[in-house]
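Asks: Any chance you could fold what I've pasted below:
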Amino acid sequence: YNRVWIPDNEEVWQSAEITKNYKAGDRFLHVQLEDGTELNYPVDPAALPPLRNPDILVGENDLTALSYLHEPAVLHNLKVRFVESKLIYTYSGIILVAINPYKQLPIYGDAIIHAYSGQNMGDMDPHIFAVAEEAYKQMARNNKNQSIIVSGESGAGKTVSARYTMRYFATVSKSSSNAHVEDKVLASNPITEAVGNAKTTRNDNSSRFGKYTEISFDQSYQIIGANMRTYLLEKSRVVFQSENERNYHIFYQLCASAMQPEFKHLKLGSAEEFNYTRMGGSTIIEGVDDRANMVETQKTFALLGLKGDFQMNVFKMLAAILHLGNVEITAVGDERSSISLEDKHLNIFCELLDLNCDKMAQWLCHRKIITTSETVIKPMTRAQAVNARDALAKKIYSHLFDFIVERINQALQFPGKQHTFIGVLDIYGFETFDVNSFEQFCINYANEKLQQQFNLHVFKLEQEEYMKEDIPWTLIDFYDNQPVIDLIEAKMGILELLDEECLLPHGTDENWLQKLYNNFVNKNALFEKPRMSNTSFIIQHFADKVEYKCEGFLEKNRDTVHEVLIEILKESKFHLCANFFQDNPVSVSPFSSTINIRSARPVLKSPNKQLRMTVGSKFRSSLSLLMVTLNATTPHYVRCIKPNDEKLPFEFDSKRVAQQLRACGVLETIRISAQSYPSRWTYMEFFSRYSILMTQQELSINDKKQICKIVLQRLIQDHNQYQFGRTKIFFRAGQVAYLEKRRSDKLRHACITIQKTVRGWLQRKKFLRVKQAAVTIQQYFRGQRTVRQAITARTLKQTWAAIIIQKYCRGYLVRRLCQLIHVAAVTIQAYTRGFLARKKYRKV
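Replies: Predicted structure coming up:
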C-alpha cells in the first residue's frame, strides 16, 4: 500500500499517497496530499511515517481489528464513524469509546435495552448497553462482582453514560416486589447532581465530585439496593467560581423558588443578590428551568423516603451558607477587621442555624492561639477573616453533602444479604489547564492509579487469551507508571512532604516547593523545575507533562476551620447543624470527606489520629480502598471523549480528541495489542474472507482449519508473523493488510480478466453487427448499381437511335425545304430575268 499518514498542525495527521518509490537511505519521501499538493516530506529511516489501513478496514466497530495500529489509524477510524456514519460508540478491545454527540439520539429507549439484553458483546453494534449487559451476564454466569469504570474530562458525557448503565440494570433486573428499589436507585442521580454538579465553561452539568455506586443484587440477580461512595468534592466552588461558571445547581434551584410560600422563611432572593452565586457572572443556564428542577429534586427526595422536615432542614443549611457569604467584613486599620452586629445576613445566618450572633461576629474576625503556657486571642485582617468565613462555608457544605449521601445510602439499604454487586465508577479523567492546583494534582494522581490498574488488567487479559488459544506467551513490554505513583505517594514523596509542611506552624507553599526542588530536581526524571518560574513544578504523568502552581496547596490540604467557630456550631440548637460538628459523629463512607474536623492547632497532637488527617492523606487512603474494590471485581471500561469545545453536534476536533485519547488509555491499549498479535480471526472468518486466494487443490480438502494453515504457510513465508490457536489465527501488525493486498490483487486480476473477456465479446458482437450492416448496405448498393447500369445501357441505345432518326428526319426535311426554296428561287429568277429581258427589249 502506498498511502501513509504524515503529521499536520491542524488535523494532527493527514493522509498522503507515495508518488515515487522510497529506497533505503533516501532523505525525502515524495508524496501527494489529498488536495493534490505535491510534497517532499523529510523522513528518518528509523521512524518512517505510519502506513494507512486498507479501505475495507476503515470504520471498524473495534479499533483493535485494524491491521496497522497507531494513533492516526485510531483517530481516522473514530472520525469516519462519528462524522460520516453518526455512530458515537466504538470498541477498542475491552474499552468502549463514547464520543459525546451534543445531541439527543433515539438509541436509549426500552426497546433498545431489550434488544441488547441477552446478546453477546460484539454481536450487535457498540453501545453502552452492550457493556452493561456484558457486566450483568458475567456477574450472573461467574457469580463475581463487576465494575464499570466511566472516565473522561468535563463535558465528555460521563454522568449521562453512568446514568444509562444504571437505567439498564434497573430495567433488565426489575423485581416483582412493590418496593420500587430500581426507582429509588435511579432517583439518587438527580439529588447528587443537584448538590454535586455545576455549570463550568466546559459543561453545563459538570460533576464536581467522584462517585462509585454499588448496585446490589440478590441470588435471582434482581436489584435489592445500592450504596454510594463519594470522594474529592470540589468545596472551593462553594465560595469561588470562575467567569461564566456557576455554583452548585441546588443554590440556584433554591433561589428560583424563594418566593414560594414554604421557602419564604429562608429570606432568600434571586441568585444575583448573593456573593456565592453571582461571582461567575452566569446565574442562568440556557434551556434550564431551575424552578422546575427544584420541584424534581423535592420529588426524588420524597421518593427516597426523605420527607418535608428533612428537606427543609437541608434547605435551611443551604440558605444559611448563602447568607454567610453576604456577611460584610470591614477592615479596621491594617491588622484588624470587624463585623457589625446589625448585619442583616449575619443575623439571618445565625437565626437559621440557631447560633449566638455575638460570638459568631467576634470569632469570624479573631483567632485563638493556644500554647502550652497561655491562650492568645489574635485579631485577623480583613483578608484573613474573609478566608475564615469562606472556610466555614465550605466546611458546612461539605458536611451537608456527606450527610445527604449518607441518608441516600440509608434509603437504599436492604434487609437481605447481598449476593453480588455491579459498581459504576463515575470519575473525572486526566486534567491539564493553564493553571493547575491541588484539585488537578489529586485528580491526576487518581488517574495514575486507575491507569496502572487498567494496564495490568489489559496485560492480564492478553495473557489469558494466549493461554486459552495455546499460543506461546512472550513478555509484552508495557508502560508501568509505578515510578510516577511512587513520586507522589511513596515515603518522602510529594504528598508526605506536603503533610509534613502542613504540620509546621509557619509552613508555607514556598518552603514546601523548595523541599520538592531539593529532593527531586536532577534526581527524578519525572519531576522538573520550570525554567521561567520559581512557584511551580512539573510532573511527567502517563498522559502528558503537567505544570502545577504551588499556591494554595497547603491551605487546601489542611482544610482547617478555626476551632472556636466549630465550638459555636456545636452549641447550635438546630440539631442537624450541631450533629455535623460533634466530636464522634457517625462515620460515612471512606470515599467521602470525613465528617470529623481537624483542629486548627497543628502543634498539638490529638489523641485521635483521624483528626490529624489531611485532605491528601484521606484521598490517598480512599483511593487505596477504591483500588482494592476494583481489583476484587471484573472491570469494564467506558472512555468518554469530548469531540469539540464549542458543544457543536457531530463536530470532530482532531486535536482535542487526540489529546484525550492519549490521556484515557485508549492508545496504550492499542500499543499493547500492537506489540503482540493484534489481529485475530477465527478459522471460519479467515476461510470466508480469503478463500479466493486458495487453489482448487487446497479447496478440495474437507478440513477448513487445515486449509487455512496450508494457505497461510504458502502466502506468508515468515512463520513468526502469525500463530495458529485453537479457534483463532493470530496475526502480527500489518499481516492482515498484506493479505488484503494479495486479495485485492487477485480480485483486480480477476476483474481485469473478466473485463477483457467481456470487452472482447462486446467488441466482437459490435463488429459482427457492423459487418452485417456493411454487407446489407453493399448488397443494396450493388443491386441498385446493377439496376442503374442496366437502365443506363438501354437508354443510351434509345437515345442514339433517336438521334440517328432525328438526324435523317431533319436531313430529309431540310432537303425538301431546300428543294422547294431552290425551285421557288429559280422560278422567281426566271420571271424576273424574263421581265427584265422584255423591259430591255422594249427599251431597245
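Asks: C-alpha only now, for contacts and for neighbours.
Replies: Noted.
Asks: Could you list the buried residues of stretch 648-660?
Replies: Within stretch 648-660, the residues that qualify as buried are 650, 651, 652, 653, 654, 655, 656, 657, 658, 660, counting by 16 or more other Cα atoms under 10 Å.
Asks: Need the distance between the two termini of that stretch.
Replies: 17 Å (Cα to Cα, to the nearest Å).
Asks: And for stretch 245-258?
Replies: Stretch 245-258: ends 22 Å apart by Cα to Cα.
Asks: Then stretch 352-360?
Replies: Using Cα to Cα, the end-to-end distance of stretch 352-360 comes out at 13 Å.
Asks: quick one: average pLDDT of it?
Replies: For stretch 352-360, mean pLDDT is 92.
Asks: from the chain's centre, how far out does that stretch sit?
Replies: 49 Å (Cα atoms, centre = their mean, to the nearest Å).
Asks: all numbers from here: first residue = 740
Replies: Sounds good: first residue 740 from here, last item stretch 1091-1099.
Asks: Among the buried residues of stretch 1387-1399, which one lies nearest to residue 1365?
Replies: Nearest to residue 1365 out of the buried residues of stretch 1387-1399 is residue 1399 (Cα to Cα; 23.4 Å).
Asks: Buried residues of stretch 896-911, list them for me.
Replies: Applying 16+ other Cα under 10 Å to stretch 896-911 flags 896-898, 900-911 as buried.
Asks: and if you look at stretch 1015-1023?
Replies: For stretch 1015-1023, a neighbour-count test (16+ other Cα under 10 Å) marks 1015, 1016, 1017, 1018, 1019, 1021, 1022, 1023 as buried.
Asks: Just send those residues back as a markdown table, with distance to residue 752 and secondary structure too.
Replies: Converted to a markdown table, the buried residues of stretch 1015-1023 look like this (distance: Cα to Cα, whole Å; DSSP: H, G, I helix; E, B strand; the rest coil):
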| residue | distance to residue 752 | secondary structure |
| --- | --- | --- |
| 1015 | 45 | helix |
| 1016 | 43 | helix |
| 1017 | 43 | helix |
| 1018 | 41 | coil |
| 1019 | 38 | coil |
| 1021 | 38 | coil |
| 1022 | 40 | coil |
| 1023 | 39 | coil |
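Asks: State the three-state secondary structure for residue 886.
Replies: Here residue 886 is recorded as strand under DSSP: H, G, I helix; E, B strand; the rest coil.
Asks: how near is it to residue 872?
Replies: Residue 886 is 12 Å from residue 872, by Cα to Cα.
Asks: ok so, going back, out of the buried residues of stretch 1015-1023, which two sit at the greatest distance?
Replies: Across these, no pair lies farther apart than 1015 and 1023, at 14.2 Å, counting by Cα to Cα.
Asks: mind checking how far the helix or strand harbouring residue 1424 is from the chain centre?
Replies: Per DSSP states H and E: residue 1424 is located in helix 1422-1429. The chain centre lies 33 Å from the centre of helix 1422-1429; the measure is Cα atoms, centre = their mean.
Asks: how about it: buried residues?
Replies: For helix 1422-1429, by 16+ other Cα under 10 Å, it's 1422, 1425, 1426, 1429.
Asks: can you check stretch 986-1001 too?
Replies: Neighbour-count burial for stretch 986-1001, with 16+ other Cα under 10 Å as criterion, is recorded at 986-998.
Asks: which residues does residue 1463 contact?
Replies: 1210, 1448, 1469 (Cα atoms under 8 Å, 6 or more residues apart in numbering).
Asks: any idea how far residue 1385 is from it?
Replies: Distance of residue 1463 to residue 1385, computed by Cα to Cα: 48 Å.
Asks: Then residue 1532?
Replies: From residue 1532 across to residue 1385, the span is 96 Å (Cα to Cα).
Asks: ok, back up a step: sort out for me which of the buried residues of stretch 1387-1399 are in strands.
Replies: Among the buried residues of stretch 1387-1399, no member falls in strands (criterion: DSSP state E).
Asks: quick one: least confident of the residues you listed?
Replies: Among those, residue 1399 has the weakest pLDDT, 87.
Asks: Hmm, that residue is touching residue 1380, no?
Replies: Yes. With contact defined as Cα atoms under 8 Å, residue 1399 counts as touching residue 1380 (6.6 Å).
Asks: which residues do the two both contact?
Replies: 891, 892.
Asks: returning to that earlier point: include distance to residue 782 and pLDDT when you put the buried residues of helix 1422-1429 into CSV, please.
Replies: Listed next are the buried residues of helix 1422-1429 as CSV, based on distance: Cα to Cα, whole Å; pLDDT from 0 to 100:
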residue, distance to residue 782, pLDDT
1422, 39, 88
1425, 36, 88
1426, 39, 89
1429, 35, 87
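Asks: I'd like those residues laid out as a markdown table, including distance to residue 1353.
Replies: Below are these laid out as a markdown table (distance: Cα to Cα, whole Å):
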| residue | distance to residue 1353 |
| --- | --- |
| 1422 | 58 |
| 1425 | 58 |
| 1426 | 62 |
| 1429 | 63 |
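Asks: where in this structure is pLDDT low?
Replies: Under the criterion pLDDT under 70, the flagged ranges of the chain are 740, 914-919, 1212-1218, 1317, 1320-1351, 1408, 1411-1415, 1417, 1472.
Asks: so who does the nearest residue to residue 1354 once chain neighbours are set aside touch?
Replies: In this structure, residue 1354 finds its nearest non-sequential neighbour in residue 1296, 4.9 Å apart by Cα to Cα, 6 or more residues apart in numbering. Contacts for residue 1296 were tallied using Cα under 8 Å, 6+ apart; they are 1177, 1237, 1238, 1241, 1353, 1354, 1355.
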